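*Asks:* attaching a predicted model along with its sequence, questions to come.
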Amino acid sequence: MSWESDFAEYFSVRAVSLRRVAYGLSGDWHLAEDLTQHTFLQLYRHWKRLDKSTLDAYSRKTLVNAFLSHKRSRKREQMMAEVPDQAVMAAQSAGLELREALDLLPPKQRALVVLRHLEDISVAEAAELLGIAEGTVKSQTARGLDKLRAALRTPAFNGDQS
Amino acid sequence: MKDDLQRFVQDGEPPMGLNANAIISKGRRQRHVRLGLGLGTGALASALAFSSIFLLLPPGGEGTPPFGFPTPSPSSSGAVCALPAVISTASPDPTISVPPGNTADELKIRPTYDFKAWASGTGSDLSCFMYGWMKTQLPQAAAVPDKPWNGVPPYGFAAVTSDGKVRYESETHVGGGRLFVTVCHESDFPRPADVPQTGFAHRVESFDDGAFLFYAWTGTTFFQVAGSSPVTPEMLLGLVQAPEMDAFK
């Protein structure tokens, strides 16, 4: 089996879940697909040199870095005020509410919440991935969850800080 | 929280627009772009900054770009070819988008140099010889510009001066294949431990899609060639061992 076959097999196993993580990070399916494509292109580029036991960690890190890089490049654009569309706001679903609540989080905090609760990665893995201390992971994740609760004003997120 | 997030990312999830084959194809194309950048984007950027690109164009046919350069005189003996006229200065192409997440403007660097002649000398001799060699090896093949770089003539040679070092770069697209040659002094690209340390040595790195990287050391001159069918590494052995190509002897 060639290495490209191995790559294709890995793609078939991980592409959907990585795109979901990307959507959790970005809240935009088009951007999620772009981020996922970027991640797999980086995997393809470095495949021969990658330790296959760390592929998941590498792909998560590439995805998160691409997301953070995208947010940095869009920062100036996002700081410009936009007139909210009240008609859409009034009709928003629970999913839209969560997306907008997630949008309130700073990018790294959002990444921590998504990775810890969607990908189930450990505090240590999250610290390694984002290059921060484990204590920072815990505190930032807790703050992120607090902000989500406040934004949603719902008891659905009761004390889940694991 | 986990359940809410799971619902959030799964409700209304659109069909996956990506597939492995498309990623692999795109990965191959990007690799070819990177290989085409020779020994580094810095060197190429230097080349563009100096705007010192010398071009030789094959006569007539589909691949003739609309620059009106004089037709060169193909030669296998290093004869002086006609020099192109001054066109304009180098600039990146703003019309080609770079995929999100890419920081290097690899795709923007190459396409629309505006070309400018540089003095005759080693670069033009190498260009003449390579042109003759291509015609000898692949007489039926047509040289055509590669997409998306439609503005790039099919045959070019650049003299790159960076930190006092000189490199020559040539790019040719032939019959669907691609050949990108970088020539520099061997001291700029020392031999790795697994090739003979004296005399002529070469190594080939092949890829699944038929593309290859060919490296050769003559004792004074180093060659890096990124190629693909119909050019083969075996054909290149003749090219890089020709005395005319030993630019730093």
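*Replies:* Looks like it came in fine.

*Asks:* contacts and neighbour counts: CA atoms only from here.
*Replies:* OK.

*Asks:* angles on the backbone of B:Phe223, please.
*Replies:* B:Phe223 adopts backbone torsions of phi -120, psi 140, taken as degrees, to the nearest 10.

*Asks:* how about the contacts made by it?
*Replies:* Contacts for B:Phe223 (C-alpha atoms under 8 Å, 6 or more residues apart in numbering or on different chains) come out as B:Val181, B:Thr182, B:Val183, B:Cys184, B:Phe214, B:Tyr215, B:Ala216, B:Trp217, B:Val240.

*Asks:* do that again at 7 Å, thanks
*Replies:* Neighbour list for B:Phe223: B:Val181, B:Thr182, B:Val183, B:Cys184, B:Tyr215, B:Ala216, B:Trp217 [criterion: C-alpha atoms under 7 Å, 6 or more residues apart in numbering or on different chains].

*Asks:* ok, then the element right after the worst-scoring helix or strand of chain A on mean pLDDT?
*Replies:* Of all helical and strand segments in chain A, the minimum by mean pLDDT, DSSP states H and E falls on helix A:86-90, at a mean of 38. Moving toward the C-terminus from helix A:86-90, the next helix or strand (DSSP states H and E) is helix A:94-103.

*Asks:* where does the chain dip in pLDDT?
*Replies:* Looking at chain A here, since you left the chain open. Within chain A, the stretches with pLDDT under 70 are A:1, A:74-96, A:153-162.

*Asks:* not what I meant, chain B
*Replies:* Applying pLDDT under 70 to chain B flags residues B:32-128, B:131-132, B:134-135, B:139-167, B:169-178.

*Asks:* output the set of residues of it in proximity to chain A.
*Replies:* Proximity of chain B to chain A, by C-alpha under 7 Å from any C-alpha of the partner chain, involves residues B:Met1, B:Lys2, B:Leu5, B:Gln6, B:Phe8, B:Val9, B:Ala20, B:Ile23, B:Gly27, B:Gly101.

*Asks:* repeat that with 8 Å
*Replies:* B:1-2, B:5-11, B:13-14, B:16-21, B:23-24, B:26-27, B:31, B:99-101 (C-alpha under 8 Å from any C-alpha of the partner chain).

*Asks:* other residues contacting the host helix or strand of A:Ala111?
*Replies:* Here A:Ala111, judged by DSSP H and E, is contained in helix A:107-118. Under the contact criterion C-alpha under 8 Å, 6+ apart, helix A:107-118 has outside partners A:21, A:24-25, A:64, A:68, A:71, A:102-103, A:121-123, A:126, A:130, A:137, A:140-141, A:143-145, B:1-2, B:5-6.

*Asks:* circling back: quick check on the residues of chain B next to chain A: which are buried?
*Replies:* Among those, those classed as buried by neighbour count (16 or more other C-alpha atoms under 10 Å in any protein chain shown) are B:1-2, B:5-6, B:8-9, B:18, B:20, B:23-24, B:27, B:100-101.

*Asks:* how about the residue positioned nearest the centre of chain A: what's its closest non-neighbour residue?
*Replies:* Among the residues of chain A, the one closest to the centroid is A:Leu25, at 3.2 Å (C-alpha atoms, centre = their mean). Of all residues beyond its chain neighbours, the one nearest A:Leu25 is A:Ala111 (6.0 Å), with distances taken as C-alpha to C-alpha, 6 or more residues apart in numbering or on different chains.

*Asks:* contact residues of chain A facing chain B?
*Replies:* Checking chain A against chain B by C-alpha under 8 Å from any C-alpha, the hits are A:4, A:7-8, A:11-12, A:16, A:20-21, A:23-24, A:29, A:33-35, A:37-38, A:40-41, A:44-45, A:66-67, A:69-70, A:95, A:98-99, A:114, A:117-118, A:156-157, A:160.

*Asks:* select only the buried ones of those in PyMOL?
*Replies:* Buried members of these, defined by 16+ other C-alpha under 10 Å, are picked up in PyMOL with:
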select buried, chain A and resi 4+7+8+11+16+20+21+23+24+29+33+34+35+37+38+40+41+44+45+66+67+69+70+95+98+99+114+117+118+157
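
*Asks:* in helices, which of the residues of chain A next to chain B fall?
*Replies:* A:4, A:7-8, A:11-12, A:16, A:20-21, A:23-24, A:29, A:33-35, A:37-38, A:40-41, A:44-45, A:66-67, A:69-70, A:95, A:98-99, A:114, A:117-118 (DSSP state H).

*Asks:* what about A:Trp3, neighbour count?
*Replies:* By the criterion of other C-alpha atoms under 10 Å in any protein chain shown, A:Trp3 has 12 neighbours.

*Asks:* thinking it is in contact with A:His46, fair?
*Replies:* No: look at A:Trp3 against A:His46 with C-alpha atoms under 8 Å: they stay out of range, at 11.2 Å.

*Asks:* measure the closest residue to A:Glu97 other than its chain neighbours to A:Arg99 for me?
*Replies:* Excluding the flanking residues, the one nearest A:Glu97 by C-alpha to C-alpha, 6+ apart is A:Leu152, at 7.0 Å. A:Leu152 is 10 Å from A:Arg99, where distance means C-alpha to C-alpha, to the nearest Å.

*Asks:* ok, now A:Thr54?
*Replies:* From A:Thr54 to A:Arg99 the distance is 30 Å (C-alpha to C-alpha).

*Asks:* B:Asp4 now?
*Replies:* Taking C-alpha to C-alpha, one finds B:Asp4 at 11 Å from A:Arg99.

*Asks:* check A:Ser69 too.
*Replies:* A:Ser69 is 20 Å from A:Arg99, by C-alpha to C-alpha.

*Asks:* next: B:His185.
*Replies:* Distance of B:His185 to A:Arg99, given as C-alpha to C-alpha: 57 Å.

*Asks:* got it, and B:Met16?
*Replies:* Taking C-alpha to C-alpha, one finds B:Met16 at 20 Å from A:Arg99.
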